[in-house]
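>>> Predicted model follows, preceded by the sequence.
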Amino acid sequence: MKKKDKQNTEEIKDEPIPDDVILRVRNLKMYFPINVGFLRTKDLKAVDDISFDIKRGETLGLVGESGCGKTTAGRAILHLYKPTAGRIWLDGKEIKTKEDMKDFRTKTNIVFQDPYSSLDPRKTVEDIIAEPLDIHHAYKSKAERHQKVIDLMKTVGLTEEQANRYAHEFSGGQRQRIGIARALAMRPEFVVCDEPVSALDVSIQAQVLNTFKELQQKFHLTYLFVAHNLLVVKHISDRIAVMYLGRIVELASDKEIFANPLHPYTVSLLSAIPEPDPEKARNNKRIALKGDIPSPLNAPSGCAFRTRCPFAKDICAKVRPDLREVKPGHFAACHLLDDNGGVNASAPETTAEKIKDVEEKIEESNKAK
Amino acid sequence: MDNTDHKPLLEVKDLHVSFKIMNGTVEAINGVSFTLDRGKILGIVGESGSGKSVTSYSIMRLIDKNGHIDSGSIYFDGQNMLKMPESQLRQIRGNRIAMIFQDPMTALDPVYTIGNQLFEAIRTHENVSKKEAYKRSIDMLNLVGINEPEKRMKQYPFEFSGGMLQRIVIAMALICKPDLLIADEPTTALDVTIQAQILELLKEIQQKMGMAIILITHDLGVVATICDEVDVMYAGKIVERGTSDEIFYHPAHEYTKGLLNSVPTLADDHDLKPIKGNPVNLTCLPKGCAFAPRCDKCMKICIDEVPQQLEIDKNHYASCWETVRLLQEQGVIDITQKPEMKPIATIKPNDFTCPDPLTPNTIKEMKSLIKHV
């Protein structure tokens, strides 16, 4: 297994990184050892071999249900957790040494989910926002520090007078703005937004989403936007990656993924969205999924989704499907799709035929081996 | 149902509830009135702090000790819930009115088995044998879609996933065949696919058992999926009420319009038009319309006078001066034109300033408290 990993990484080394790719993630794995008995541990595969590129200035949405590893993926990319395996390039440069890491930290940042627990209650807003500046010694005088903080506060829609207040004096939306200001303090290129609006009320949520969009244009930011609310993700993202049990099962542009979802999981996920439109809700035929997500400790063999997939076949239990480009710019990891992305999961008759084809192909390839 | 004997199942009239806190009184509910017929699903939507949960807790008389129902009446099936002795109330709670709470993980007792907790509900309210109770529990678990109920009855809550637990909570709520089910954010803690399952289940069971449901949620999508009627709440008032079609396709109140514009939809990439500002401070409500400080179409009258509820259509009510103005323009209603009903260009912040909570009186109180301690 280890040998194989080595081979993989060496292959990637030769692959040139185009200029417009700001962040490249390859074979990222994040395992957490869990005690399962006396002196016995087992790996919880929170993120299991994911790879993707993010282009400069775009927003990549990362969606999935709770426990699918989307937050862990965001954190592992920023090395807030030390990844078990995998390689990360920022601006064409791989993050390897401590020096790289320091540079990486100034260029990236994160906005956390819970605006109530991510701000230090004993610091003033000014000190909270200036913390990244303090760490990286990014100012020469106190006056400069103050000026920088005030500028940041203004850009995210806070006022100068609020600089000396404490976090508890603010409402949820305003706190999230403080969190955003802190993330932008070092003028990063790449920001991970970890469920930044899920703790907010609907009307405030829209305000904060608009702020994210404005800031992106103003500072040419690139976002990795992690969220479970598909409507929010669709609103803000250019491309969307759908995760299930630590793996990316589908990745495509937002329009493509909503208009033409290919993976059965994505199809059922999209049909489960409650839309604020009674007429549509009445006509919506749900593709109901059976059961719950399996525990990532005992992830199913082969395709992780097969236990809930209405179209699962024998092959799904045996071979893990790779994420491959089934259409230009549209990636999916499913055995039931042909190379043109031809199968639609909502049409079971055609699927049955395609499955046969796939099975035959696999048999052939097995024989060839 | 007999038309001559048409009485609503639940009738709430001019309910006022307030809570005493350190710096003043929170007027959580300011005159809520609504009715609910048998077999209907009513959705109550609003942001946090709008009083939607307090409304439902008041129906069950479950509000905290520092809260007080100041005035109003709640009639459930002809009986006044507010004047009922505790013993009689206990016969209704869990029996004729059941409740589902937001977080299924905390709604169940971790040290008893699921079966034990299901039994409890039946055996408290009905005089049945253990065997009978066991049989009914199994039937109920089957109904809510739990596999192998015999085995599951012996398990503890921690052995279930969130979606499964919510199913069990629903089973527990339905086991005495209630007439009214109050579901307080039943799917907020769940994932999208599980949420879809639970909503489908609620709808299916509602059709089978014919009970009425009050569904409290902040998610407009959930409301659109299963509700017949919708109450939109803001700052402790129902600002708009109507069938879900009316609310979603012909919203009348500016707040409802703002809410609908703030939610992203699947259809197109329209820009979100958020409601500006923050929710009102409930310790000092504005004199006029509570939404006025955030409203784009705020008029002078909005600041001075509380808008009255206006029937726009059959079963569609809204309390908004802007709606009154629009209807007047169209000549639908005729109220003598008030000179204040002109949009004002800018809202002055001091139109809505709160009095300083630290009045000499409160400081005195605090000092005496500190001394006391």
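Thanks, I have the structure now.

>>> C-alpha only now, for contacts and for neighbours.
Fine.

>>> residue in the stretch 1-150 of chain B nearest to chain A?
Taking CA to the nearest CA as the measure, the point where the stretch 1-150 of chain B comes nearest chain A is residue B:47, at 5.9 Å.

>>> Contacts only, for that residue.
Counting by CA atoms under 8 Å, 6 or more residues apart in numbering or on different chains, residue B:47 makes contact with A:201, A:202, B:218, B:233, B:234.

>>> Run a quick neighbour tally on the first one.
Applying the criterion other CA atoms under 10 Å in any protein chain shown, we find 19 residues in the vicinity of residue A:201.

>>> Next, it: phi, psi?
Torsion angles at residue A:201 (phi, psi; degrees, to the nearest 10) stand at phi -70, psi 160.

>>> cool, the third one as well?
In this entry, residue B:218 is assigned phi and psi values of phi -110, psi 0 (degrees, to the nearest 10).

>>> Show the contacting residues for the closest residue to chain A within the stretch 201-350 of chain B.
Ranked by CA to the nearest CA, the top residue of the stretch 201-350 of chain B for proximity to chain A is residue B:221, at 4.0 Å. Shown in contact with residue B:221 (CA under 8 Å, 6+ apart): A:273, A:274, A:275, A:276, A:277.

>>> switch the cut-off to 7 Å
Neighbour list for residue B:221: A:274, A:275, A:276 [criterion: CA atoms under 7 Å, 6 or more residues apart in numbering or on different chains].

>>> Reformat the residues you listed as a markdown table; add distance to residue A:264.
Putting the contacts of residue B:221 into a markdown table (distance: CA to CA, whole Å) gives the following:
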| residue | distance to residue A:264 |
| --- | --- |
| A:274 | 18 |
| A:275 | 20 |
| A:276 | 24 |
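
>>> Compare those and tell me which is most surrounded.
Counting neighbours by other CA under 10 Å, residue A:274 comes out on top of the contacts of residue B:221 with 27 neighbours.

>>> Give me the most central residue, the chain.
All of this is about chain A. Nearest to the mean C-alpha position of chain A, counting by CA atoms, centre = their mean, stands residue A:62 at 3.3 Å.

>>> think we crossed wires, I meant chain B
Nearest residue to the geometric centre of chain B (CA atoms, centre = their mean): residue B:52, 3.3 Å.

>>> pLDDT at residue A:44, what is it?
Per-residue pLDDT puts residue A:44 at 89.

>>> That one is in what secondary structure piece?
Per DSSP states H and E, residue A:44 falls inside strand A:40-55.

>>> Residues in contact with that strand: which ones?
If you take CA under 7 Å, 6+ apart as the criterion, strand A:40-55 is touched by A:20-36, A:60, A:69, A:72-73, A:246-248, A:296-297.

>>> Adjacent strands (with direction) for that strand?
strand A:21-37 (antiparallel) (DSSP bridges).

>>> Need the residues that contact the strand it pairs with.
In contact with strand A:21-37 (CA under 7 Å, 6+ apart) are residues A:41-56, A:83-91.

>>> If you count neighbours, what's buried in that strand?
By neighbour count on 16 or more other CA atoms under 10 Å in any protein chain shown, the buried set for strand A:21-37 is A:21, A:22, A:23, A:24, A:25, A:26, A:27, A:28, A:29, A:30, A:31, A:32.

>>> closest to chain B among those?
Checking the buried residues of strand A:21-37 against chain B by CA to the nearest CA gives residue A:32 as the nearest, at 20.8 Å.

>>> and residue B:371, how far is that from residue A:161?
34 Å (CA to CA, to the nearest Å).
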